[in-house]
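# okay, predicted coordinates and the sequence, questions at the end:
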Amino acid sequence: MALSEKLERRSKNELGKSFYTFIVIPHASPRLHKLKLPVRALYILASVGLVSFFVAVGLGFSYAKMAFKAADYDKLQVENTDLKIQKKNLEVATVKLGEKLSNLEQKSVKIQNLIENDNTTKHSKLNGPAVGGSTVNYTTAEILRSSNLKEGLDLLKGRTTELESQLTLSEQVATQRMTMRRYTPSIWPVKGAITSHYGNRSDPFSGDSELHLGLDISAGFRSQVHAPADGRVLFSGKQAAYGNLIIVDHGNGLTTRYGHLSGSLVIPGQKVKRGDVIGLVGMTGRATAPHLHYEVRLNDRAVNPRKYLDPRG
């Protein structure tokens with residue numbers, strides 16, 4: 001034991017007295033510089049350097065990890081901001097689409113009411129085939145999920161597109177109906193009581209049964225006779241039992257006749273508008289008193305004028 005301790009002490013003493021000598025040779029000076037460092041100091045410096053290296057590496061990893069976390073946080077912040085902006089845009093778009101949809105629905109209801117209340121619509125002969133339906137194939141799940149903002153917006157867009165298409169069609173139908181209405185003899189040509197209806201009757205001169213092809217409307221002598229619809233004058237002149245006669249073509253196979261007139265205010269080929277004065281009530285031809293003989297013909301076959309006349313008079 002004593003020998004071992006002596007050897008250990010001797011080793012420590014030698015280590016403490018051992019030096020490393022570093023010689024520095026400057027370029028600009030011929031003198032040499034010597035630097036003596038004890039071996040123990042070098043070991044200490046090496047240990048400190050090694051520890052410092054590992055500490056630096058650890059700090060580097062920690063910094064990199066923090067940097068990645070910070071970058072992810074910034075990215076999440078940007079994405080969150082973008083999502084908020086998108087949500088706000090969706091809300092604004094939803095409100096705008098809702099307002100547009102409401103306006104379109106109001107217009108559609110107005111146009112539909114005009115079409116439904118139009119007297120022309122009630123005549124099946126003037127209506128086309130009854131067709132319709134949705135142009136968007138909504139599934140039940142889509143309709144049930146409409147409370148979701150994004151999906152609700154998609155449904156709103158689809159409904160808006162469908163309603164715009166429906167409104168366009170309704171406008172076309174309304175325009176067509178208005179045009180048809182202008183050319184349909186629906187207003188009374190003269191105000192007065194009906195003295196003889198369309199259909200079978202007794203002949204006022206002979207008392208025999210005959211088919212009366214129009215309406216006899218009693219009116220004062222030289223009362224104004226109005227065109228019941230837009231059209232073009234085909235005939236204006238004398239014609240046997242009709243006396244002074246006017247025939248107006250309204251298109252679509254419809255013509256009207258005005259008989260027993262005291263005078264005509266139009267000439268063949270002249271265009272007339274609904275409500276224009278075209279003649280004056282008289283009793284020319286086969287008539288017992290001043291009145292207007294009024295006929296409506298479809299494809300040159302006499303039909304009951306009451307089918308087209310506004311019942312309100």
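Looks like it arrived, so ask away.

# how close does L42 get to F53?
According to CB to CB, to the nearest Å, L42 stands 16 Å off from F53. The C-beta positions use only the backbone N, C-alpha and C, and glycine is treated the same way.

# looking at these two, which one has more neighbours?
The neighbour comparison of L42 against F53 (other CB atoms under 10 Å) goes to L42, with 13 against 10.

# need the pLDDT of the more buried one.
Note for L42: predicted pLDDT of 71.

# next one: D249
95.

# dump the residue contacts of it.
231-234, 255 (CB atoms under 8 Å, 6 or more residues apart in numbering).

# doesn't it belong to a strand?
Yes: counting by DSSP: H, G, I helix; E, B strand; the rest coil, D249 is part of a strand.

# give me the beta-bridge partners of it?
Here D249 sits in beta bridges with R232, T255, going by DSSP bridges.

# give me the distance between it and R257.
From D249 across to R257, the span is 11 Å (CB to CB).

# kindly report the same for K69.
For K69, the distance to R257 - CB to CB - is 95 Å.

# neighbour count: these two, which is higher?
Of the pair K69 and R257, R257 is the one with more neighbours under other CB under 10 Å, namely 21 against 10.

# surely the more buried one touches P228?
No: using CB atoms under 8 Å, R257 makes no contact with P228, being 11.5 Å away.

# strands along the stretch 201-313 of the chain, start to end?
Along the stretch 201-313 of the chain, the stretches classed as strands by DSSP state E, counting those that start in this stretch are 209-212, 215-218, 224-226, 231-239, 243-251, 254-261, 263-264, 271-272, 277-280, 291-298, 301-303.

# would you tell me which of these gets closest to I194?
strand 215-218 (5.6 Å; CB to CB).

# which residues touch the closest one?
With CB under 8 Å, 6+ apart as the test, strand 215-218 has contacts from 188-190, 192-198, 289-295, 305-306.

# out of the contacts of D249, grab the one that's most surrounded.
Of all the contacts of D249, the highest neighbour tally under other CB under 10 Å goes to G231, namely 25 neighbours.

# quick revisit: nearest to K75 among the contacts of D249?
Nearest member of the contacts of D249 to K75, counting by CB to CB, is G231, at 75.2 Å.

# and that closest one, how far from G269?
Distance from G231 to G269, counting by CB to CB: 12 Å.

# what's the answer for I217, then?
Distance, I217 to G269, using CB to CB: 27 Å.

# out of these two, which sits in the more crowded spot?
More crowded of I217 and G269, by other CB under 10 Å: I217, with 22 against 9.

# quick check: the gap between the more buried one and G259.
The spacing between I217 and G259, counted by CB to CB, is 11 Å.

# need the overlap of contacts for the two.
Taking CB under 8 Å, 6+ apart as the criterion, I217 and G259 both touch 292, 294.

# show me which helix runs longest in this protein.
Using DSSP state H, we find that the single longest helix of the chain is helix 39-117.

# and that one, what does it pack against?
In terms of contacts (3 or more CB pairs under 8 Å, 6 or more residues apart in numbering; DSSP states H and E), helix 39-117 is packed against helix 2-17, strand 19-24, helix 149-182.

# okay, and the helix or strand of the chain with the least pLDDT?
Ranking every helix and strand in the chain by mean pLDDT, DSSP states H and E puts helix 140-144 at the bottom, with a mean of 53.

# tabulate the CA atom coordinates of stretch 202-216 in PDB.
Extracted in PDB, the C-alpha atoms of stretch 202-216 (Å, rounded to 0.1, in the frame of the first residue of the first chain):
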ATOM      1  CA  SER A 202    -135.900  31.900 -84.200                       C
ATOM      2  CA  ASP A 203    -135.300  34.100 -87.200                       C
ATOM      3  CA  PRO A 204    -136.500  37.600 -86.300                       C
ATOM      4  CA  PHE A 205    -138.100  38.100 -89.800                       C
ATOM      5  CA  SER A 206    -139.500  34.700 -90.600                       C
ATOM      6  CA  GLY A 207    -139.700  33.000 -87.200                       C
ATOM      7  CA  ASP A 208    -138.000  29.900 -88.500                       C
ATOM      8  CA  SER A 209    -135.200  28.100 -86.500                       C
ATOM      9  CA  GLU A 210    -131.700  29.100 -87.600                       C
ATOM     10  CA  LEU A 211    -128.100  29.000 -86.300                       C
ATOM     11  CA  HIS A 212    -127.000  32.500 -85.200                       C
ATOM     12  CA  LEU A 213    -123.200  32.700 -85.700                       C
ATOM     13  CA  GLY A 214    -122.400  35.500 -83.300                       C
ATOM     14  CA  LEU A 215    -123.700  38.000 -80.800                       C
ATOM     15  CA  ASP A 216    -126.200  40.800 -81.400                       C
END
